[in-house]
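Q: With the sequence up front, the predicted model follows.
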Amino acid sequence: MKRLFIIICILFACLRLLAQTGGDNTYEFLNLTHSAFAAATGGLTVSQSRNDLSLPYHNPALLNSSMRNDIALSYSRYLAGVNYGYAAYGFGHDSVNNYAVGIGYVNYGSFTEADEAGNITGTFTAAEYAFNLIYSRCLDSMFTVGVDVKPVLSHLEKYFSAGICADIGVTYINKDALLSAGLVIKNAGFQIKSYTGDHSEPLPFEIQAGVTKQLAHAPLRFTLTLRHLEKYDLTYDYNTDDETGSNSVGENILRHMVLGVELLPVKNFWAGAGLNYQRRSELKTATRAGSAGLSWGFGFNARAFTLAFGRDRYHLAGAANHFSLVLYPEMILKNHRR
């Protein structure tokens, strides 16, 4: 398995890495969050070390032995009636190697079909799916590496596409310092079959890094995540021939940042909030920003499950709700036997 992991890393490192942002790629649904906790604290996290099987979706190196036999389920009510979800199961047989499988989907709903003259001819649907084959390996007590191989299927009306990509990540966890950090290369891959059968389209490749720090004498934990480290200018209206962009240095730096904070008043409850600066900058209106780019949520832990809710605001006109449930079957069986 160690050799297989090295081979996968080499293969994907040799791919042409394209520095693109949203709107320039296919399979953008791969960037949706499947964790209510991540949604509540800014929309993503690559450094949070916690017993939540939905988080390895963001960084496969977050998969650890405490997630074995866990089941993660999530559902999100997105904008304009779109909904998506995720299910995963973790397993393993030793203290070093960890495995998980998962499947995520996004359902765009039903649409009215019409010809070029505007005559209604029926309806059609659109949906996309991604399978997750996750493996992580503990190198020592602090460092873990992981890979998530993701076959992708997309069906939009009569058009079909298939592709494959992978996330490759590493985490550093220092329990004594209450500090964790992560780095992940996301969605490195290619289309196997394009929608039209012509040239293939680029995938939403991205490099992310993050750090999480918990205060020693206060029930607070802070997370900073940096997105698109491979690209400097993240503004929507940019000239692809000029990578320097027209914004100030400070504005461009802030657009890479996602900030999150957790309040941990008791052991089995958390509340969080986050700020996605790029989302706020792009989706605020000309007259007011409102709560665009802000998010919040909460969750609680029981003996046999963990339940969480997150809400992120995209625009004054809409927000998305996220629900996550992590089940611990071993604890359920123990309670049943009693």
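A: Alright, I've got the coordinates. Numbers count the residues shown, from 1 in each chain.

Q: wait, is Q278 part of a helix?
A: Yes - assessed with DSSP: H, G, I helix; E, B strand; the rest coil, Q278 lies in a helix.

Q: Not counting residues beside it along the chain, what's closest to it?
A: Spatial nearest neighbour of Q278, chain neighbours left out: R255 (4.3 Å); criterion: Cβ to Cβ, 6 or more residues apart in numbering. C-beta here means a position set from N, CA and C on the backbone, and glycine is covered the same way.

Q: quick one: that neighbour from F222, how far?
A: 19 Å (Cβ to Cβ, to the nearest Å).

Q: between the two, which one's more packed in?
A: R255 (23 against 14; other Cβ atoms under 10 Å).

Q: Let me see the confidence value for the residue nearest to Q278.
A: At R255, the pLDDT value in this model is 90.

Q: isn't it right next to R279, touching?
A: No - using Cβ atoms under 8 Å, R255 is not in contact with R279; the gap is 9.5 Å.

Q: can you give me the strands for the stretch 201-338 of the chain?
A: 206-214, 220-226, 257-266, 269-276, 294-301, 305-315, 318-327 (DSSP state E, counting those that start in this stretch).

Q: that older thread, what sits against the residue nearest to Q278?
A: By Cβ atoms under 8 Å, 6 or more residues apart in numbering, the residues touching R255 are L234, T235, N247, Y277, Q278, S281.

Q: When you filter those down to buried only, what's left?
A: Using 16 or more other Cβ atoms under 10 Å as the burial test, those include L234, T235, N247, Y277, Q278, S281 as buried.

Q: Next one: the second one relative to G297, how far apart?
A: From T235 across to G297, the span is 28 Å (Cβ to Cβ).

Q: what do you get for the last one?
A: For S281, the distance to G297 under the criterion Cβ to Cβ works out to 22 Å.

Q: same thing with L259?
A: From L259 to G297 the distance is 15 Å (Cβ to Cβ).

Q: With neighbour numbers in mind, choose between these two.
A: Counted by other Cβ under 10 Å, L259 and G297 do not tie: G297 has more neighbours, with 26 against 16.

Q: And the pLDDT for the residue nearest to the more buried one when sequence neighbours are not counted?
A: Once flanking residues are discounted, G297 sits nearest to A40: 2.6 Å by Cβ to Cβ, 6+ apart. A40 carries a pLDDT value of 95.

Q: residue ranges with poor pLDDT in the protein?
A: Across the chain, the ranges flagged by pLDDT under 70 are 1-23, 236-246, 286-287, 289, 334-338.

Q: Helix, strand or coil: sort out the residue in it sticking out farthest from the centre for me.
A: When each C-alpha in the chain is compared with the mean C-alpha position (Cα atoms, centre = their mean), A117 comes out farthest, at 40.9 Å. Taken by three-state DSSP, the conformation at A117 corresponds to coil.

Q: For V96, see how far away the residue nearest to R279 when sequence neighbours are not counted is.
A: Spatially, and ignoring its direct neighbours in sequence, R279 is nearest to G293 (4.2 Å; Cβ to Cβ, 6+ apart). Applying Cβ to Cβ, the value for G293 to V96 is 40 Å.

Q: Who has more neighbours out of those two?
A: G293 (24 against 15).

Q: for that one, what are its contacts?
A: Counted by Cβ under 8 Å, 6+ apart, G293 has contacts L275, N276, Y277, Q278, R279, R280, S281, L283, K284, R313, Y314.

Q: who wins for neighbours among the residues you listed?
A: N276 (27 neighbours).

Q: and that one, what is it in contact with?
A: Here N276 is in contact with G42, G43, V258, G293, S295, D312 (criterion: Cβ under 8 Å, 6+ apart).

Q: go on, F131?
A: By Cβ under 8 Å, 6+ apart, the neighbours of F131 are V101, G102, I103, K150, P151, V152.

Q: same thing but 6 Å
A: I103, P151 (Cβ atoms under 6 Å, 6 or more residues apart in numbering).

Q: Then S110?
A: T123, T125.

Q: Regarding it, what are the backbone dihedral angles?
A: The phi and psi values for S110, taken as degrees, to the nearest 10, are phi -110, psi 140.

Q: Can you tell me what sits against stretch 212-221?
A: By Cβ under 6 Å, 6+ apart, stretch 212-221 touches S47, Q48, L178, L179, S180, F222, T223, E262, L264, P265.

Q: For burial, what's the neighbour tally of the first one?
A: Using other Cβ under 10 Å as the criterion, S47 is surrounded by 29 other residues.

Q: And it, how close does it get to S54?
A: 15 Å.
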